[in-house]
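Peer 1: just the structure for this:
(one chain, ligands or ions: 1)
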Amino acid sequence: MTVLESYPPTNNNTTPTRSKFLSDEHRPERTRRFRGVSYVFPIDAAKEAVPVIDLADRLCGPGGLRRAGKEWAGRCPLPDHEDRSPSFTANPERNVWFCHGCLRGGDVVTLAQLAWNYAQRDSHIAAADLLHEFGHVIPQRPAAYFRKQERQKPIRDAIEETKKNIVRRRLFRHLILPLIDAIEDDEERSRELDRAWTDFQRLAS
Ligand SMILES: [Zn+2]
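Peer 2: Numbers count the residues shown, from 1 in each chain. Down below sits the predicted model:
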């Protein structure tokens, strides 16, 4: 069957089921090896470095997870779900988790984010915490980022310098010029003006 023939899907049930969810997240080709290289950001690095089952195990505590076929099941460790029955499952093969009670699931970073009460937009911080918790190096920004910063530095410096010059001239006009204007002798006034501007630039730089 081609993709077109199978579309629209016959299943009209929009409630996410475990199998649908797991197949969405299914990444069999993924390796567990942590590369620890600097070009990956924390979220990708954490997904690669920390298996879901390891975090699930830590969150559920010793004996908190029991084997159920290919999965492990236990009481949901998420702080806002008071789970009386073991609704939480982790699948080490597919490297995903799902809670049948609160209908949430995902990868290891989602689990860390929800378990440690981070907002979704702070997922990268949850990921960094996760790497730290499991003894991995938190990756730095990619080298390209630093190269870009380096390329833009002359422009940023020029803008800063221009701003400083404007402030310098304004201060000079308001603070120093009235004093120099008060000098009656033309030659002396001109000499003082040169000196004052030189002195002022040195002071205000
Ligand atoms: Zn739950």
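
Peer 1: every contact and neighbour count from this point should use C-alpha atoms.
Peer 2: Fine.

Peer 1: which bits of this protein sit near the ion?
Peer 2: Residues of the chain lying near the ion by C-alpha under 5 Å from the ion: 76, 99, 101-102.

Peer 1: gap between the residue most central in space within the chain and residue 59?
Peer 2: For the chain, residue 124 is the residue whose C-alpha lies nearest the centre (C-alpha atoms, centre = their mean; 3.4 Å). To residue 59, residue 124 is 19 Å away according to C-alpha to C-alpha, to the nearest Å.

Peer 1: swap in residue 50?
Peer 2: Using C-alpha to C-alpha, residue 50 is found at 13 Å from residue 59.

Peer 1: which one of the two is surrounded by more residues?
Peer 2: More neighbours surround residue 50 than the other of residue 50 and residue 59, with 24 against 18 (other C-alpha atoms under 10 Å).

Peer 1: quick one: furthest residue from the center of this protein?
Peer 2: For the chain, the largest distance from the centre (C-alpha atoms, centre = their mean) belongs to residue 185, which lies 65.0 Å off.

Peer 1: and the helices in this protein?
Peer 2: Along the chain, counting by DSSP state H, helices occupy 18-24, 42-49, 52-60, 108-115, 123-133, 143-171, 177-181, 186-204.

Peer 1: could I get the ones you listed in TSV, plus columns for mean pLDDT and distance to residue 70?
Peer 2: Formatted as TSV, these follow (pLDDT from 0 to 100; distance: least, C-alpha to C-alpha, whole Å):
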stretch	mean pLDDT	distance to residue 70
helix 18-24	44	13
helix 42-49	92	20
helix 52-60	96	12
helix 108-115	96	18
helix 123-133	89	24
helix 143-171	81	41
helix 177-181	87	84
helix 186-204	84	71
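
Peer 1: can I get those in TSV including distance to residue 88?
Peer 2: Putting those into TSV (distance: least, C-alpha to C-alpha, whole Å) gives the following:
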stretch	distance to residue 88
helix 18-24	11
helix 42-49	19
helix 52-60	9
helix 108-115	11
helix 123-133	20
helix 143-171	40
helix 177-181	76
helix 186-204	64
